[in-house]
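K.L.:
Pasting the sequence and the predicted model now:
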Amino acid sequence: MPCHPAKARILLKEGKAKPVSRRGCNTPFREGKTGYFTIQLLYGSSGYKQKVIVGIDIGAKRVPIVAVGNGKVYYAKEKILRTDVKKQLSDRASYRRTRRQRKTRYRKPRFQNRVKTKCARCGVNNVPKVWKKVKRKTGKSLKKVCNGRAQLCRKCQGKKGEHNRPHILPPSLKNRAESIKNDIHKLSQTLPISKIVLEIASFDTQKMANALIEGVEYQHGTLFGYEVKQYLLTLNKHKCAYCGGLSLDNVLEIEHIIPRSKGGTDKISNLTVSCRVCNVESKGSMTLEQWEKVLRANPSEINKERLKNIRKLKKQSRLKKGFQYSALTQSYKNHLLSELHKDFTVEVTFGAITKYYRTKLGLPKSQINDALAIASEGKQFEMPKYYILERQVKKRYPHDYILPPKKGQPIVKHKREVEMFGFRLWDKVRCNHCSFSDVVGYIQGRRSSGSFSIASLDGNLKIGGISYKKLTLLKKADTNYIRERRNGFSPTDFSNQ
């Protein structure tokens, strides 16, 4: 239960309490970390606990967590969620496939593991086997034995119904939910959480795309009455969207404007029709900006037509940003809600209520201010001087994996140097360059030539190609979590901290 530091000193001096943890205290020698100096009473207490409300405003990239009680803000943190989980898993899968293709590591496929059994609910999808470990009769080693089969497929296991199965999420979304849940459990070890108020956002993506939509128009989407290719052919008048037919290739195929390898989706606004000459032989996996540079370097009649049509594509409203972040937030909110319900009292609020509380308190619009309004429930409180910005960074590099050997050479595990010119990734540094004097940031990229990239903690690149000789080390990146204090409760960029 929170108390004044003077009271804690008296209790310790009189021997009525003992220190339990000072991990991450906001003291000068541990500046930037979060946590509390925790003491434990050595005598029985009445069991009374103060009312502490935790407010969370879930998002796709950032999640603020604020704890308010007795008109004071006990805890305020904005957590930057990981967005590299999907890429790391796909990289791991590609390295695994590469290893299996080598003759030295080849093993025959076991077809008895691929027996198909249909789901008891949908009757369409296959059901995975359930294995358990048992001891052999002759020894103590374990072996896996098939213990029957599950009744439902993985898709039906995630649906609510008679079996009451948990929500099944992809790893990228599950990581977001689990990181928030773990933070709340750590916070509950030092603060008596009375309840958690979670803002549940509901997005009408069709309304966001077209503000005038209503009634039956919700059922008449972009492809109403069309198939995908038929719609794209009609839209482009049965001509290549890039060359307009100058390549004399009459076979048109569906093409992603932003390539799939660069994060492009299958959304209809990202699709067009193109001939194979433009799609495969010329554009390939380049973005429109990269392709423009190549086309300007080789001026010809067909390239001039391509540049003209690329400018038209950029001006079209079809290429506006999608709603992937809105979809991400809606996908993991139910899983997070059900997980928090197991251990805490959870209440749900909505954006309109948060806006009313924030306007009543006179706070500007930002995510951390939204969490403050949610936790305070519109009541006046003492505004803190700072909040903590936290980010989890990866420590593993792709070069740590075993790379394919060259002919006549053994398999070697390549290791990347941890330090380069005395600096590590995500070291906190001060820039001494004349153009960027006294700018404080973090090392986001390094090169063997000594040219580094400096960024703020939220990942916005500010300085690129600066020499390591013009950097002064302030703090080593010794953990996977980087934390820093941010003054005020409004979004800030680079600041001298």
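P.N.:
Here it is on my side, so go on.
K.L.:
what's the domain layout of this protein?
P.N.:
1-48, 222-319, 405-479 (automatic domain parsing).
K.L.:
Select from the ones you listed the stretch with the lowest mean pLDDT.
P.N.:
Mean pLDDT values for the domains of the chain show the minimum at domain 1-48, a mean of 74.
K.L.:
As a check, name the ranges of all helices in the chain.
P.N.:
For the chain, the helices defined by DSSP state H occupy 5-13, 85-101, 154-157, 171-188, 205-209, 228-235, 276, 288-297, 301-315, 324-341, 351-361, 367-376.
K.L.:
these two touch, right, Ser282 and Gln290?
P.N.:
No: with contact defined as C-beta atoms under 8 Å, Ser282 does not count as touching Gln290 (11.7 Å). For every residue, glycine as well, the C-beta is placed using N, CA and C.
K.L.:
ok so, going back, from the helices of the chain, which stretch is densest packed?
P.N.:
Comparing those by mean neighbour count (mean count of other C-beta atoms under 10 Å), helix 367-376 ranks first with a mean of 24.
K.L.:
got the angle between that one and helix 351-361?
P.N.:
Note on geometry: by axes from the mean of the first three to the mean of the last three C-alpha atoms, to 10 degrees, helix 367-376 and helix 351-361 are set 90 degrees apart in direction.
K.L.:
Apart from its chain neighbours, what residue comes closest to Leu372?
P.N.:
Val66 (5.3 Å; C-beta to C-beta, 6 or more residues apart in numbering).
K.L.:
who's the one you found bridged to?
P.N.:
Gly55, Ala76 (DSSP bridges).
K.L.:
and if you look at Gly441?
P.N.:
Val429.
K.L.:
Begin at 34, not 1, for the rest of this chat.
P.N.:
In the new count, where the first residue is 34, that last one comes out as Gly474.
K.L.:
and it, what is it in contact with?
P.N.:
Neighbour list for Gly474: Lys461, Val462, Cys464, Ile487, Ala488, Ser489, Lys495, Ile496, Phe527 [criterion: C-beta atoms under 8 Å, 6 or more residues apart in numbering].
K.L.:
Quickly note the distance from the first one to Tyr475.
P.N.:
Lys461 sits 6 Å away from Tyr475, taking C-beta to C-beta, to the nearest Å as the criterion.
K.L.:
Neighbour count for those two, which is higher?
P.N.:
Neighbours around Lys461 and Tyr475, counted as other C-beta atoms under 10 Å, are more numerous at Tyr475. The numbers are 22 against 19.
K.L.:
just checking, the more buried one touches Ser486?
P.N.:
No: if you go by C-beta under 8 Å, Tyr475 and Ser486 don't touch, sitting 9.7 Å apart.
K.L.:
Not counting sequence-adjacent ones, nearest residue to Thr267?
P.N.:
Tyr259 is the one closest to Thr267 (C-beta to C-beta, 6+ apart), at 7.1 Å.
K.L.:
I misspoke; the intended subject was Lys84.
P.N.:
Closest to Lys84 by C-beta to C-beta, 6+ apart is Ser227, at 4.8 Å.
K.L.:
Pretty sure that neighbour sits against Val101.
P.N.:
No: assessed by C-beta under 8 Å, Ser227 is found out of contact with Val101, at 10.5 Å.
K.L.:
Now for the two: what residues contact both?
P.N.:
Val85, Ile86.
K.L.:
Neighbour count for these two, which is higher?
P.N.:
Using other C-beta under 10 Å, the more surrounded residue of Ser227 and Val101 is Val101, with 27 against 15.
K.L.:
Was I right to think that one contacts Gly88?
P.N.:
Yes: Val101 is within contact range of Gly88, at 7.0 Å (criterion: C-beta under 8 Å).
K.L.:
So for those two, which residues contact both of them?
P.N.:
Common neighbours of Val101 and Gly88, counting by C-beta under 8 Å, 6+ apart, are Leu405, Ala408, Ser409.
K.L.:
of those residues, closest to Gln349?
P.N.:
Leu405 (40.5 Å; C-beta to C-beta).
K.L.:
From Met319, how far out is the closest one?
P.N.:
According to C-beta to C-beta, Leu405 stands 45 Å off from Met319.
K.L.:
what do you get for Leu458?
P.N.:
Taken as C-beta to C-beta, the span from Leu458 to Met319 is 28 Å.
K.L.:
Give me the common contacts of Lys461 and Tyr475.
P.N.:
Counting by C-beta under 8 Å, 6+ apart, the shared contacts of Lys461 and Tyr475 are Ala510, Ile515.
K.L.:
in the stretch 384-530 of the chain, which spans are strands?
P.N.:
Using DSSP state E, counting those that start in this stretch, the strands of the stretch 384-530 of the chain run over 419-425, 461-464, 472-478, 484-488, 494-500, 504-508, 514-520.
K.L.:
Distance to Val306 added to those, as a markdown table?
P.N.:
As requested, these are exported to a markdown table (distance: least, C-beta to C-beta, whole Å):
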| stretch | distance to Val306 |
| --- | --- |
| strand 419-425 | 42 |
| strand 461-464 | 48 |
| strand 472-478 | 38 |
| strand 484-488 | 39 |
| strand 494-500 | 36 |
| strand 504-508 | 50 |
| strand 514-520 | 46 |
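K.L.:
for the ones you listed, which one sits closest to Glu372?
P.N.:
Nearest to Glu372, of all the strands of the stretch 384-530 of the chain, is strand 419-425, at 18.8 Å by C-beta to C-beta.
K.L.:
Mind checking the pLDDT average for that closest one?
P.N.:
87.
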